[in-house]
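Participant: Need coordinates for the following:
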Amino acid sequence: QLQLVESGGGLVQPGESLTLSCAASGAPWDGYAIGWFRQAPGKEREGVSSIRNDNGNTLYTESVKGRFTISRDDAKNTVYLQMNSLRPEDTAVYYCNAALGALDSWGQGTQVTVSS
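Facilitator: Sure, this is the predicted structure:
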């Protein structure tokens, strides 16, 4: 079973940047599609961005397009989420997910708070 550990969250002011990392271990990394999700207080978990293993194609939810960038370093078994121009509405716990067929792994989450 793939194990995921997120890091990089924190408290920032509006307009600032953060980079989240998702490090994978415990199983072969190949073939997994990796996604970032977030859950704000009182709201459902939503997909933020994803990256495919086979062709590197990326997807973003509309609200983060042009501000967030997802990337992966297969040599380090790590996926990154570069978040620029952060807004208060980006405040949430961010989770990393790895999916391959019926296999589905989640990290424990990292808190991102955007506030002045």
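
Participant: Please save the CA atoms from the lowest-mean-pLDDT helix or strand in the chain in PDB.
Facilitator: Considering only helices and strands, the least confidently modelled element of the chain by mean pLDDT, DSSP states H and E is strand 103-106, at a mean of 91. Coordinates of the C-alpha atoms in strand 103-106 are reproduced here as PDB (Å, rounded to 0.1, in the frame of the first residue of the first chain):
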ATOM      1  CA  LEU A 103      -5.900   1.100  -5.200                       C
ATOM      2  CA  ASP A 104      -6.500   4.400  -3.400                       C
ATOM      3  CA  SER A 105      -4.300   6.100  -0.800                       C
ATOM      4  CA  TRP A 106      -4.600   9.300   1.100                       C
END
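
Participant: Would you mind measuring from the residue positioned nearest the centre of the chain to Ala98?
Facilitator: Among the residues of the chain, the one closest to the centroid is Trp36, at 2.9 Å (CA atoms, centre = their mean). When distance is defined by CB to CB, to the nearest Å, Trp36 is 11 Å away from Ala98. Any C-beta I mention is one placed from the backbone N, CA and C, and that applies to glycine too.

Participant: Over to Thr69?
Facilitator: Using CB to CB, Thr69 is found at 19 Å from Ala98.

Participant: okay, the two: which has more neighbours?
Facilitator: When Thr69 is set against Ala98 and neighbours are counted by other CB atoms under 10 Å, the residue ahead is Ala98, at 25 against 16.

Participant: bridging residues for the more buried one?
Facilitator: The residues paired with Ala98 through beta bridges, assigned by DSSP bridges, are Ile34, Ser105.

Participant: Tell me which residues touch it, please.
Facilitator: 2, 4, 24, 32-35, 104-105 (CB atoms under 8 Å, 6 or more residues apart in numbering).
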